[in-house]
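> Need coordinates for the following:
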Amino acid sequence: MTVFMVAKIIAVCTSEKKQTKKINVERACLKENFGIIGDAHSSNHTNRQISLLAIESINKMRALGLNVHPGDFAENLTTEGMDLTILPLGTKLLLGEEVILEVTQIGKECHTRCAIYHQAGDCIMPKEGIFARVIKRGILKTGDKIELIR
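Prediction:
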């Protein structure tokens, strides 16, 4: 396994319902081909089991005057130190000591405008968020490293 880039998780977020902000729970259990146990978006029927968004992207919205935080864009993992938007589909990420994710989608189409879009006239999740499926299960927590692997 070759490591190419190292970043870290600054928030682990979940919600009980879809289309709501997520709350930083700081620690979660990820299940293979499912996602975060207890999160509304987890499912073995989709390749969008986990969503990731960089704090650097959130900071762009803060620069527009919005008071936003990790989880406000409904992302499961808020990262720091890695440009998620340049990762090709199929990229594998090692999170913490054991969790492995595979990038399955860059961005998403928003069918309805979220509250953030209405406040700022734009939203970053559709352009800068990424989605992944869980290849190897394990526990993740705030502060864990993220490694781009091959």
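> tell me the secondary structure for Ala40?
coil (DSSP: H, G, I helix; E, B strand; the rest coil).
> Can you get me a residue count around it?
16 (other C-beta atoms under 10 Å). For the C-beta atoms, the positions are set from N, CA and C on the backbone; glycine is no exception.
> So which residue is smack in the middle of this protein?
Centroid-nearest residue in the chain, with C-alpha atoms, centre = their mean: Leu52, separated by 1.4 Å.
> Okay, the residue nearest to that residue when sequence neighbours are not counted and Glu56: tell me how far apart.
Computed as C-beta to C-beta, 6 or more residues apart in numbering, the closest residue to Leu52 that is not its neighbour in sequence is Leu77, at 4.6 Å. As judged by C-beta to C-beta, to the nearest Å, Leu77 and Glu56 stand 14 Å apart.
> and the longest helix along the chain, which residues are buried?
If you go by DSSP state H, the chain has its longest helix at helix 55-63. In terms of neighbour count (16 or more other C-beta atoms under 10 Å), helix 55-63 has its buried residues at Ile55, Glu56, Ser57, Ile58, Met61.
> Lys21: neighbour count?
17.
> Now the residue lying closest to it once chain neighbours are set aside: phi and psi?
Take Lys21 and drop its neighbours on the chain: the residue closest to it by C-beta to C-beta, 6+ apart is Asp72, 5.1 Å away. Torsion angles at Asp72 (phi, psi; degrees, to the nearest 10) stand at phi -70, psi -20.
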